[in-house]
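**Q** quick one: sequence and predicted model below, then my questions.
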Amino acid sequence: MVITEQKEFDEILHSLEGHERVFLLGCGICATTWSTGGEKEVCEMAARLTEAGKECTGWLVTEEATCDVRTTRLLLKRNKEQVGPADALLVLACGAGVQTVASLADAPVYPALNTLFLARLQNLSVCDERCRLCGACILADTAAICPITLCPKGLMNGPCGGYEDGKCEVDRERDCAWVAIYERMETLGQQKRFTVIHEPKDWRADRHPGFVNKRAQR
Ligand code: SF4
Ligand code: SF4
């Protein structure tokens, strides 16, 4: 899941300077689950903007992810009577969602959220980053624990000399990723795999901007 946080309201107001009529748009998937851009947060934002003197022409929360061009385009069309009069759109979704809306809207589009990371959701209050989207997954060699993400140094072989009692030298509150990898391999009876020396990571697969056309690949 993509984790987001709401921006400071002053920053949002600053973005909207010069705009009087605002249409709000939330995301029905990640931002709803993480309570940063679902119906409740969109309505609260609309109320705060109204209090600050803006006119909210309307709002919607996409049923699918806001970053899905197909459904977001359809929803903007269906709500054109409220979207049309707005001189700005405020989007409570991740950066991909904001840019999706911007590619479909005539008016300027502004983000209400900061996009933080791709996470494992432990519950509705706790999540942790699990993947840095490196483009060449090495989880097969690391007992399905990602050192690129979980080791602050991104070491391909570890642990480094700084670990202590299974904790990371960068943050003693956190488990050392490589100790966790060893312990998981031990549990799985795969300790031998731990002695394999991994080559330096090939970062060429970490290409941005990413682009895939599955039809062209067939
Ligand atoms: S190795 Fe790369 S793709 Fe695999 S989990 Fe880690 S960051 Fe993500
Ligand atoms: S202690 Fe472990 S997690 Fe921390 S930097 Fe060293 S190898 Fe990485």
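**A** Sure thing, it's come through. All of these numbers come straight from a predicted model, not from anything done at the bench. Ligands and ions are numbered 1, 2, ... in the order given.
**Q** C-alpha only now, for contacts and for neighbours.
**A** OK.
**Q** Ala144 is in contact with Cys131, correct?
**A** No: the criterion here is Cα atoms under 8 Å, and Cys131 misses it with Ala144 at 11.0 Å.
**Q** the two - which one has more neighbours?
**A** Counted by other Cα atoms under 10 Å, Cys131 and Ala144 do not tie: Cys131 has more neighbours, with 17 against 13.
**Q** and that one, how far is that from Cys168?
**A** Note on Cys131: its distance to Cys168, by Cα to Cα, to the nearest Å, is 18 Å.
**Q** for this structure, what lies in contact range of ligand 1?
**A** Neighbours of ligand 1 within the chain, by Cα under 6 Å from any ligand atom: Cys131, Arg132, Leu133, Cys134, Gly135, Ala136, Cys137, Ile138, Leu139, Cys146, Ile148, Thr149.
**Q** pLDDT of the lengthiest strand in the chain, averaged?
**A** The longest strand of the chain (DSSP state E) is strand 113-121. Model confidence over strand 113-121 averages 97 on the pLDDT scale.
**Q** how about stretch 210-218?
**A** Here stretch 210-218 scores 88 as its mean pLDDT.
**Q** ditto for stretch 183-194
**A** Rounded mean pLDDT across stretch 183-194 is 97.
**Q** what are the contacting residues of it?
**A** By Cα atoms under 8 Å, 6 or more residues apart in numbering, the residues outside stretch 183-194 that reach it are Asp141, Thr142, Ala143, Tyr182.
**Q** distance of the residue sitting furthest away from the middle of the chain from ligand 2?
**A** Of all residues in the chain, the one whose C-alpha sits farthest from the chain's mean C-alpha position, using Cα atoms, centre = their mean, is Lys192 at 35.5 Å. Relative to ligand 2, Lys192 is positioned 19 Å away (Cα to the nearest ligand atom, to the nearest Å).
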